[in-house]
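A.B. asks: Sequence first, predicted coordinates after that:
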Amino acid sequence: MLKISSKSVEKMMPQDRLYSLRSLDTPMAGKILARWLLGMGIIFLIILFLPWQQNIRGKGKVTALSPRNRPQTIETIIAGRIQKWKVSEGQFVEKGDTIAIISEVKEKYFDPQFLVRLRQVIDSKENSLNSKDMKAQALRRQVVALENGMRTKTNQARAQLEAERVRFANAKNQYERNKKLFEAGNIPLTKFQDFDYKYQGAEADFVNAEIEIERVQAEYLDKINKAESDLNNTLSEQFETQAEIANLRNEFTNMEIRSQQYFILAPQAGFVVKATQAGIGETIKEGEPVCTIMPDSNDVAVEMHVKAMDVPLISLGRKVRIEFDGFPALQFSGWPSVSVGSFGGLVKVIDYVNSKPGEFRILVIPDKDDQKWPKQIRNGSGTQSWVMLDDVPVWYEIWRQLNGFPPSLYEEPLDVEPTKEETTDVSTATK
């Protein structure tokens, strides 16, 4: 049936009547399969050139952007024994509400009148200090009086010395004149001896006047030194008493503060989610946790961990798609527009150090231009997140995934300039 001749025999001998010719014809099922394969191949080629948005995948959990809004562990400052619980788990407490009351376990503080007795000791020490102060003032006045007395006595002695000096000079002058007269034979010996006696007496009185000045000064200096020694001893005792009072006041203040620590208070409003201690009578140490409080706040974020090789591609303000545990979602990471059940977010914080070996932490906040995050999410819930990057063809993404290459970045990411309030929140969150 090569149709070489111009005359055809097909009309004289139809093909469907010959078995051999029928067996050589293509089956209908094969034709249909070939058409399907051809159509699928064309569709696959078209899909290979469709745009695919690259992304960085990471797991994480729900948290709060500000550390003050994250779960807070309430610890006891002093050691004690749980005397009474004032709250139950799941209860909402306001800032300053009493969570539990503890009692003392140290024998030093067993006395319920400890503060009263300590105040009595402080009052006694203060009275003693006042007495020492009055004694010191009296000794200062005594020193001043002795110095004035020494000055007066010294002046009197010096005046007496001047008088004795004048009398001694006159006696010496008379003695020398009468000595010349006696040697010339003009006066008798008895008269000359009378002048000599007066001269010797005046000299002795002059020497005694000089000695009297030194005696007066020595006497008063001895009294002054003794008074100053007593004054210094009193001042030393006064300073020691002041130091004791300062220590006692410090102990009194510490005891007052300690007595306030018997009441474990809520540092902020929130829900009591977990009590780490058991019932009444359990002893706890300093710094031991008592319970955990979840602050009542609308501050919510997602803590996401990504590989170190992907961190340079992430910048502040990058869009993120988030899938929360417990909320059904159908996620097409490369085509976020057709995803269902995921929520939008923005990269807010990128840590400067790794949080896990080979992984860095980023914080994602809700995207105000996207669907609101569900109110039912709880702190600590798991998440699946995708940081959205640039668009590439599907064939390139398949090739990249098969070779294990990192996502591409054709343009340098533009960091979003945060506002003043956001800058404060970021710096607080990264500490």
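C.D. replies: Cool, got the structure. Numbers count the residues shown, from 1 in each chain.

A.B. asks: CA atoms for contacts and neighbours, from now on please.
C.D. replies: Will do.

A.B. asks: Quick one: low-confidence residue ranges for this structure.
C.D. replies: Low-confidence segments of the chain, defined by pLDDT under 70: 1-28, 30, 49-54, 329-340, 390-394, 396-397, 399-401, 403-431.

A.B. asks: What ranges does it have for its helices?
C.D. replies: Counting by DSSP state H, the chain has helices at residues 19-24, 28-48, 114-184, 189-260, 394-403, 420-430.

A.B. asks: Reformat those as JSON lines; add distance to R378 and mean neighbour count.
C.D. replies: Below are the helices of the chain laid out as JSON lines (distance: least, CA to CA, whole Å; neighbours: other CA atoms under 10 Å):
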{"stretch": "helix 19-24", "distance to R378": "70", "mean neighbour count": "10"}
{"stretch": "helix 28-48", "distance to R378": "39", "mean neighbour count": "12"}
{"stretch": "helix 114-184", "distance to R378": "46", "mean neighbour count": "16"}
{"stretch": "helix 189-260", "distance to R378": "34", "mean neighbour count": "16"}
{"stretch": "helix 394-403", "distance to R378": "34", "mean neighbour count": "14"}
{"stretch": "helix 420-430", "distance to R378": "19", "mean neighbour count": "13"}
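
A.B. asks: Output the ones you listed as JSON lines; include the columns distance to M304.
C.D. replies: Below are the helices of the chain laid out as JSON lines (distance: least, CA to CA, whole Å):
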{"stretch": "helix 19-24", "distance to M304": "64"}
{"stretch": "helix 28-48", "distance to M304": "31"}
{"stretch": "helix 114-184", "distance to M304": "53"}
{"stretch": "helix 189-260", "distance to M304": "41"}
{"stretch": "helix 394-403", "distance to M304": "22"}
{"stretch": "helix 420-430", "distance to M304": "14"}
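
A.B. asks: Out of those helices, which gets nearest to K348?
C.D. replies: Checking those against K348 by CA to CA gives helix 420-430 as the closest, at 7.4 Å.

A.B. asks: among the helices of the chain, which is nearest T76?
C.D. replies: T76 sits nearest to helix 189-260 of all these, at 11.1 Å, using CA to CA.

A.B. asks: and the angle for that closest one with helix 114-184?
C.D. replies: Using axes from the mean of the first three to the mean of the last three CA atoms, to 10 degrees, the direction of helix 189-260 lies 170 degrees away from that of helix 114-184.

A.B. asks: Tell me which other helices or strands helix 189-260 touches.
C.D. replies: Applying 3 or more CA pairs under 8 Å, 6 or more residues apart in numbering; DSSP states H and E, one finds that helix 189-260 makes contact with helix 114-184.

A.B. asks: what's near enough to touch A202?
C.D. replies: Contact analysis of A202 by CA atoms under 8 Å, 6 or more residues apart in numbering lists E164, R167, F168, A171.

A.B. asks: which two in these are spaced the farthest apart?
C.D. replies: The largest separation in those, counting by CA to CA, is between E164 and A171 at 10.2 Å.

A.B. asks: Which stretches in the stretch 301-431 of the chain count as strands?
C.D. replies: In the stretch 301-431 of the chain, the segments counted as strands under DSSP state E, counting those that start in this stretch are 301-307, 319-324, 343-350, 359-366, 382-393.

A.B. asks: right, and the helices of the chain - which one's nearest A301?
C.D. replies: Using CA to CA, the helices of the chain put helix 420-430 closest to A301, at 11.0 Å.

A.B. asks: Would you quantify the distance from K153 to L248?
C.D. replies: Separation of K153 from L248 (CA to CA, to the nearest Å): 48 Å.

A.B. asks: E104 versus the spatially closest residue to L118 that is not a sequence neighbour, what's the distance?
C.D. replies: The shortest distance from L118 to any non-neighbouring residue, by CA to CA, 6 or more residues apart in numbering, is to F252 (6.7 Å). Distance, F252 to E104, using CA to CA: 16 Å.

A.B. asks: Same check on G317?
C.D. replies: According to CA to CA, G317 and E104 sit 53 Å apart.

A.B. asks: how does the chain divide up, domain by domain?
C.D. replies: 1-48, 54-66+299-430, 72-102+262-294, 114-259 (automatic domain parsing).

A.B. asks: I'd like those domains as TSV, with distance to K108 appended.
C.D. replies: Formatted as TSV, these follow (distance: least, CA to CA, whole Å):
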stretch	distance to K108
domain 1-48	81
domain 54-66+299-430	41
domain 72-102+262-294	13
domain 114-259	9
